[in-house]
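Chemist: okay, sequence plus prediction incoming.
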2 protein chains.
Amino acid sequence: IVYAVTPTYARLTQKADLTRLAQTFLHVRNFHWILVEDSPVKTSLVTRFLASSGLTYSHLAVPTPKERKLGANEPRWRKARGVAQRNLGINFLVQNKANTKGVVYFADDDNTYDVQIFDQMRFTRRVSVWPVGLTGGLRFEGPVCSHGKIVGWHTSWHPERPFPLDMAGFAVNLAELVNNSKARIDPNASRGYLESSLLSSILKKEDAEPLANDCTKVLVWHTRTEHPKMTDEERLLRLGKPSNPNIEI
Amino acid sequence: IVYAVTPTYARLTQKADLTRLAQTFLHVRNFHWILVEDSPVKTSLVTRFLASSGLTYSHLAVPTPKERKLGANEPRWRKARGVAQRNLGINFLVQNKANTKGVVYFADDDNTYDVQIFDQMRFTRRVSVWPVGLTGGLRFEGPVCSHGKIVGWHTSWHPERPFPLDMAGFAVNLAELVNNSKARIDPNASRGYLESSLLSSILKKEDAEPLANDCTKVLVWHTRTEHPKMTDEERLLRLGKPSNPNIEI
Ligand SMILES: O=c1ccn([C@@H]2O[C@H](COP(=O)(O)OP(=O)(O)O)[C@@H](O)[C@H]2O)c(=O)[nH]1
Ligand SMILES: O=c1ccn([C@@H]2O[C@H](COP(=O)(O)OP(=O)(O)O)[C@@H](O)[C@H]2O)c(=O)[nH]1
Ligand SMILES: [Mn+2]
Ligand SMILES: [Mn+2]
């Protein structure tokens, strides 16, 4: 079974992003979605959304500790996003699904996934890896492979990282997380080292399993959904004709 | 049958956007995709993509006339996008599918569609309408309806437009386009008047058919995919280690 762990938080594009993500996941057999809200409570928007999604899921919530939250004017690379949520997802699986044969994948809510990657990752023995499009300031970033082994990395930014790849560029067999309580994402890891903090505690890069045709295909893209302008909401508010708040977006 | 007409052009996020769009469309039965490239020729990326998509499709191409193309530093609202492509899609359907019972929908490549809207629009008698999320500077924009009739519009920008709604907020029965050669999108229409130019030549707003629960649900969102930064590509080029151009993104 593939367990996809997705951190999510209230933003204007949240429901849109979750909608198209769910429509992708509906094509994947033996799939269980662990959707973890960055929130002290489960919101009703996400609760309703999941109930009508048609997917098998677990709905969790944990707020990012205040001191780790990005300030409104802080550049987004200053603090890692989604770490508490992904670790809660791991702990939930370790506690509740330790006896299932499963593969864990960290699937952010606004990335783009070709469904083919799920049928490849489900055979992961320990850790599988592949390149991710549109990340690292590059067309793609991740492992360079040959005959089923990592022989280098295609990366520009901090190439000395043990695993210079994106969160969306690997999957882990659940057993590795069950058997090794150190295998978690380090919330104190510096920028770009989240993935390495988890993977370094599991295996050496020589032991990783390349997917996506020996890492020659891009099947996952680090897309970002533009933050929409809401400039006219205020104008209508001043005119006494605001949006109907009962219409959920 | 639902005919979705989608203009598309070469941008870094094109394959990602088309991938998730196709995965949405795969859930829709009796569906035919008219994908129209803004290009003098059909590109091999899109040709290969469509061939492996699993969808029923027609692949067309027409370049936007040079004088209508947006300059690199021009703000994006200066010129309409996708008009020549949508009109080619209409003409293709009128010439090749005039005898089929079909409904035509203009589905941009980077929007988000809840699959429910397709099973609602397929019963369109003349023109059906519904609100679109995240457009017009608002949470949503489009018709306000009551008991199956349009009773007003929720809009802020140029509310005097005959049909102040987004291109993704209506569907047209193919027969209306077959029987009325004036029912086309006017490439000379001013900003925000594209939709009105087509719909005004077909019917009065009183005759439009509201969908999405009398226009109380948002099932389509005008999402935009952020343009990714490629800053590190040049750096790697200078180091003599550029991205492998054989890896398609
Ligand atoms: O305060 C936040 C910001 C982000 N996220 C989630 O963490 C992941 C990565 O965030 P984002 O997509 O904004 O980051 P980027 O695309 O810049 O890497 C996504 O699934 C978000 O929904 C979160 O849970 N809380
Ligand atoms: O030069 C262009 C720009 C855009 N488009 C297409 O026209 C539609 C609307 O463009 P875009 O999504 O960029 O516009 P916006 O989201 O700003 O309305 C999309 O399907 C694009 O792929 C096109 O064919 N040629
Ligand atoms: Mn993201
Ligand atoms: Mn768009």
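Modeler: Received it, and whenever you're ready, just let me know what you need. Residues are numbered from 1 along each chain as shown, chains lettered A, B, ... in the order given. Ligands and ions are numbered 1, 2, ... in the order given.

Chemist: is ligand 1 within reach of the helix or strand containing A:L198?
Modeler: For A:L198, the element it lies in under DSSP states H and E is helix A:194-200. No: shown here: helix A:194-200 not in contact with ligand 1 (CB under 6 Å from any ligand atom), separated by at least 10.3 Å. No exception for glycine: its C-beta is placed from N, CA and C like everyone else's.

Chemist: which strands and helices sit next to that helix?
Modeler: Other helices and strands packing on helix A:194-200, by 3 or more CB pairs under 8 Å, 6 or more residues apart in numbering or on different chains; DSSP states H and E, are strand A:170-173.

Chemist: which residues touch the next helix or strand after the helix holding A:L198?
Modeler: Later in the chain than helix A:194-200, the nearest helix or strand by DSSP H and E is strand A:209-210. Outside strand A:209-210, the residues that touch it by CB atoms under 8 Å, 6 or more residues apart in numbering or on different chains are A:124-130, A:143, A:145, A:148-150.

Chemist: list the buried residues in the helix or strand of chain A with the lowest mean pLDDT.
Modeler: One helix or strand of chain A scores below all others by mean pLDDT, DSSP states H and E: helix A:231-238, with a mean of 92. By neighbour count with 16 or more other CB atoms under 10 Å in any protein chain shown, helix A:231-238 contains the buried residues A:232-233, A:236.

Chemist: pick the one among those closest to ligand 3.
Modeler: A:E233 (24.4 Å; CB to the ion).

Chemist: what is the burial count for the residue nearest to the closest one when sequence neighbours are not counted?
Modeler: Nearest non-adjacent residue to A:E233, counting by CB to CB, 6 or more residues apart in numbering or on different chains: B:L138, 5.7 Å away. By the criterion of other CB atoms under 10 Å in any protein chain shown, B:L138 has 26 neighbours.

Chemist: which residues touch B:L138?
Modeler: Counted by CB under 8 Å, 6+ apart, B:L138 has contacts A:230, A:232-233, A:236, A:243, B:154-156.

Chemist: let me know the helix or strand that it is in.
Modeler: Short version, using DSSP H and E: B:L138 is in no helix or strand.

Chemist: distance check, it against B:E226.
Modeler: Applying CB to CB, to the nearest Å, the value for B:L138 to B:E226 is 20 Å.

Chemist: and A:K217, by the same measure?
Modeler: Applying CB to CB to A:K217 and B:E226 gives a distance of 23 Å.

Chemist: same check on A:N111?
Modeler: Relative to B:E226, and taking CB to CB, A:N111 is found at 12 Å.

Chemist: these two: who's more crowded?
Modeler: Using other CB under 10 Å as the criterion, A:N111 and B:E226 rank with A:N111 on top: 26 against 14.

Chemist: circling back: between A:N111 and B:E226, which contacts overlap?
Modeler: Counting by CB under 8 Å, 6+ apart, the residues touching both A:N111 and B:E226 are A:T223.

Chemist: is the lengthiest helix in chain A positioned near ligand 3?
Modeler: Ranked by residue count and defined by DSSP state H, the top helix of chain A is helix A:83-96. No: judged by CB under 5 Å from the ion, helix A:83-96 and ligand 3 are separated, with a smallest distance of 12.8 Å.

Chemist: other SSEs contacting that helix?
Modeler: Judged by 3+ CB pairs under 8 Å, 6+ apart, the packing partners of helix A:83-96 are strand A:2-8, strand A:31-37, strand A:57-61, strand A:103-106, helix A:174-178.

Chemist: output the contacting helices and strands for the last one.
Modeler: Going back to what we said before, that points to helix A:174-178. helix A:83-96, strand A:103-106.

Chemist: mind listing what's buried along the first one?
Modeler: So that's helix A:83-96. Residues of helix A:83-96 classed as buried by neighbour count (16+ other CB under 10 Å): A:83-90, A:92-94.

Chemist: in a markdown table, list these along with distance to ligand 1 and pLDDT.
Modeler: Output for the buried residues of helix A:83-96, formatted as a markdown table (distance: CB to the nearest ligand atom, whole Å; pLDDT from 0 to 100):
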| residue | distance to ligand 1 | pLDDT |
| --- | --- | --- |
| A:V83 | 8 | 96 |
| A:A84 | 8 | 97 |
| A:Q85 | 5 | 98 |
| A:R86 | 8 | 98 |
| A:N87 | 12 | 98 |
| A:L88 | 11 | 98 |
| A:G89 | 11 | 98 |
| A:I90 | 15 | 98 |
| A:F92 | 15 | 98 |
| A:L93 | 17 | 98 |
| A:V94 | 20 | 98 |
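
Chemist: ok, of these, which one's closest to ligand 2?
Modeler: Lowest distance from ligand 2 to these (CB to the nearest ligand atom) belongs to A:Q85, with 29.5 Å.

Chemist: list the contacts of that closest one.
Modeler: The contact partners of A:Q85, by CB under 8 Å, 6+ apart, come to A:5, A:7-8, A:36-38, A:60, A:62, A:64.

Chemist: export the buried residues of helix A:83-96 to TSV and append columns for distance to A:D186.
Modeler: TSV is the format used below for the buried residues of helix A:83-96 (distance: CB to CB, whole Å):
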residue	distance to A:D186
A:V83	8
A:A84	12
A:Q85	15
A:R86	11
A:N87	9
A:L88	15
A:G89	15
A:I90	12
A:F92	19
A:L93	18
A:V94	17
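
Chemist: quick one: which of those residues is nearest A:P187?
Modeler: Comparing the buried residues of helix A:83-96 against A:P187 with CB to CB places A:V83 closest, at 4.7 Å.

Chemist: surely that closest one touches A:N188?
Modeler: No: with contact defined as CB atoms under 8 Å, A:V83 does not count as touching A:N188 (9.4 Å).

Chemist: sorry, back to before: export the helices and strands packed on helix A:83-96 as TSV, with columns for mean pLDDT, distance to B:N173 and mean neighbour count.
Modeler: Shown next, in TSV, are the helices and strands packed on helix A:83-96 (pLDDT from 0 to 100; distance: least, CB to CB, whole Å; neighbours: other CB atoms under 10 Å in any protein chain shown):
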stretch	mean pLDDT	distance to B:N173	mean neighbour count
strand A:2-8	98	38	24
strand A:31-37	98	37	23
strand A:57-61	98	38	17
strand A:103-106	98	43	25
helix A:174-178	98	51	19
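
Chemist: now these in CSV, with distance to B:A16?
Modeler: Converted to CSV, those look like this (distance: least, CB to CB, whole Å):
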stretch, distance to B:A16
strand A:2-8, 17
strand A:31-37, 20
strand A:57-61, 24
strand A:103-106, 18
helix A:174-178, 28
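
Chemist: can you give me the pLDDT of the closest residue to ligand 1 within chain A?
Modeler: Taking CB to the nearest ligand atom, ligand 1 has its nearest neighbour within chain A at A:G82, 2.9 Å off. pLDDT for A:G82: 96.
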